[in-house]
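>>> Got a predicted structure here, sequence first:
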Amino acid sequence: RYAGRVAKRNGEQTMSTYEIGSIVFDKWKICRELGQGSYGTVYEIQREDFGGVYKAALKVITVPQSRTELQSVLDEGMTPPQAKQYFYSVVEDIGRECAIMSRLKGTGNIVSYEDHAVLRHPDGIGWDILIRMELLHPLLPYVYQHPMARRDIIRLGIDICKALELCQRYNIIHRDIKPENIFISDNGDYKLGDFGIARTIERTTSGLSKKGTYSYMAPEVYIGKKYGFSVDTYSLGLVLYRMLNKNRGPFLPQPPEAITFSSREQALGRRISGEALPRPFYGEGRLGEIVLKACAFDPKDRYSSPQQLRQELREAAQDGQPEDRYESGKITDTADHAVQEAHHLAEKAIHKLPKTKAESEARTKSVPQHERPQPQYSTTEPREYPPQSQPQGNQSVRESASPIREKPVSPASDKQPTCVPPVA
């Protein structure tokens, strides 16, 4: 049901909106708004049937987005019929997005498309496109609540590689791989969504428009050169880089230093110009090497396919590196940052401690007497900070400081998880 109510979004009148309680797709009721994207709003919808409650996500895209957008087209000299045809071509583009999602329906690592409808506004130029899809949890809010372990990041990369393998099978370049378009299910599976700017390569792979998010865009796309499937694995590499770098992209300052517009622009310029990326903060060992190769400036130096990247990630999961839990980047103050930093360094030191008494004595003898640390004596009882880092019973210090999980904690365990599907 078309709500037909004019509302304001970001201080500007929009063409239409949908009220809580409105019925869509015959039986689905809009329960609450979940979020807004560049040109779409997402709601949670529910349907009751035979005593059960079913939940899904509703993505509503309005074309044109506002009266101002319509007026700007008319001010450029278009007649109303020309403006109508212009905006209808946008609707057709979104229809192609639905067609792509339908072709990929039922696959494990891609957001599941369920249905869509196109509704024409009865009072002028405008359309609403309604897309129903599965309800999922957005990646970044989940990471803020549950810091990821090394194996979680590897699993994220493997799952999205599977999604990209399927895209490649259908000649689809997504072109907008970023954390905001990655979601996690209640079962802990990572899924790729938002094919709003995805395209097939059946026509041509040169001279394409510069769509996508600059922070994750491959250099050849940004510059406007010919590109292929590796632009998606490049963007995935940057997502993994961010997860390993305290939620910061390459060349950005480390927490707790704030990111400024200037620092973001400089970081983008350095990356696009081909400057070699530094290792991410937690990029020790093989995993760091894999991420840097995925983000190589020259496409020839990257992985040739998502299959190859997936295989490398699988092997990295078996390399015996310590399972640290990495910061999400939401540091409250400098003291908290220092404590987390100390924990990370302590865990590294513990991992490198001698395993036997003989090894310990050998290391001690290798250090000159005058350089060996001398015992310190204090008249006060030592205190640990934070207290919860103290091991209990037979539990090791490493286990208490950095618990290991085989996969992310299921969002279903949270009382009120935030569920947001792809927003264009």
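On my side now, so go ahead. Numbering: from 1, shown residues only.
>>> for this protein, which spans come out with low pLDDT?
For the chain, the stretches with pLDDT under 70 are 1-17, 37-39, 196-212, 320, 322-424.
>>> Run through who's touching the helix ranked longest in it.
Identified as the longest helix of the chain according to DSSP state H is helix 80-103. Helix 80-103 is contacted from outside by 61, 63-64, 70, 73-74, 78, 110-111, 113, 116, 118, 125-127, 129, 131, 133, 170, 172, 195-196, 198, using Cβ atoms under 8 Å, 6 or more residues apart in numbering. For glycine as for every other residue, the C-beta is placed from the backbone atoms N, C-alpha and C.
>>> could you say which helix or strand contains Val42?
Element membership of Val42, judged by DSSP states H and E, is strand 40-49.
>>> just to revisit the earlier point, the longest helix of the chain: which residues count as buried?
By neighbour count on 16 or more other Cβ atoms under 10 Å, the buried set for helix 80-103 is 83-84, 86-87, 90-91, 94, 97-98, 100-101.
>>> From Glu92, how far out is Pro80?
Separation of Pro80 from Glu92 (Cβ to Cβ, to the nearest Å): 19 Å.
>>> for Thr213, that is, sorry about that
On the measure of Cβ to Cβ, Thr213 and Glu92 end up 24 Å apart.
>>> returning to what we had before: please spell out the ChimeraX selection for the buried subset of the contacts of helix 80-103.
Buried subset of the contacts of helix 80-103, written as a ChimeraX selection, criterion 16+ other Cβ under 10 Å:
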select :61,63,64,70,73,110,111,113,116,118,125,126,127,129,131,133,172,195,196,198
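>>> From the contacts of helix 80-103, which land in helices?
Using DSSP H, the subset of the contacts of helix 80-103 located in helices is 70, 73-74.
>>> okay, those residues in CSV with distance to Asp232 next?
Formatted as CSV, the ones in helices among the contacts of helix 80-103 follow (distance: Cβ to Cβ, whole Å):
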residue, distance to Asp232
Leu70, 34
Val73, 32
Leu74, 38
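>>> Closest one to Val53 out of those residues, please.
Within these, the smallest distance to Val53 is 38.7 Å, found for Leu70 (Cβ to Cβ).
>>> For that closest one, give me its contacts.
With Cβ under 8 Å, 6+ apart, Leu70 has these contacts: 15, 64, 83, 87, 125-126.
>>> ok, so of the buried residues of helix 80-103, who is nearest Lys55?
Among the buried residues of helix 80-103, and counting by Cβ to Cβ, the member closest to Lys55 is Met101, at 18.7 Å.
>>> Please report the distance of the closest one from Ser112.
Per Cβ to Cβ, Met101 is found 8 Å from Ser112.
>>> which neighbours do these two share?
Common neighbours of Met101 and Ser112 are listed as Met133 (criterion: Cβ under 8 Å, 6+ apart).
>>> Just checking: what are the partner strands of the biggest strand by length in the chain?
Taking DSSP state E as the criterion, the chain has its longest strand at strand 52-63. Within its sheet, strand 52-63 is paired with strand 40-49 (antiparallel), strand 127-133 (antiparallel), according to DSSP bridges.
>>> and stretch 184-192, how far apart are its ends?
From its first residue to its last, stretch 184-192 covers 9 Å (Cα to Cα, to the nearest Å).
>>> Next, give me the two most distant ones among the contacts of Leu70.
The most widely separated members of these, counting by Cβ to Cβ, are Met15 and Ala83 (13.1 Å).
>>> Beta-bridge partners for Ile172, please?
Assessed by DSSP bridges, Ile172 has beta-bridge partners Thr200.
>>> unless I'm mixing things up, it is touching Phe195, no?
Yes. Counting by Cβ atoms under 8 Å, Phe195 is a contact partner of Ile172 at 7.4 Å.
>>> count of residues packed around the nearest residue to Arg286 once chain neighbours are set aside?
Leaving out its chain neighbours, the residue that sits closest to Arg286 by Cβ to Cβ, 6 or more residues apart in numbering is Ala316, at 4.5 Å. Counted with other Cβ atoms under 10 Å, residues neighbouring Ala316 total 22.
>>> Check the one 5 residues further on too.
Using other Cβ under 10 Å as the criterion, Gln321 is surrounded by 17 other residues.
>>> From Ile158, how far off is it?
When Gln321 is compared with Ile158 (using Cβ to Cβ), they lie 16 Å apart.
>>> next one: Glu134
For Glu134, the distance to Ile158 equals 20 Å [Cβ to Cβ].
>>> same deal with Ser273?
From Ser273 to Ile158 the distance is 31 Å (Cβ to Cβ).
>>> which of these two has more neighbours?
The residue with more neighbours, out of Ser273 and Ile158, is Ile158; 20 against 10, by other Cβ under 10 Å.
>>> The more buried one against Gln311, yeah?
No. Assessed by Cβ under 8 Å, Ile158 is found out of contact with Gln311, at 9.3 Å.
>>> ok, now how distant is the nearest residue to Asp115 once chain neighbours are set aside from Ala117?
Using Cβ to Cβ, 6+ apart and skipping residues adjacent in sequence, the residue nearest Asp115 is Arg132, 4.5 Å away. Applying Cβ to Cβ, the value for Arg132 to Ala117 is 8 Å.
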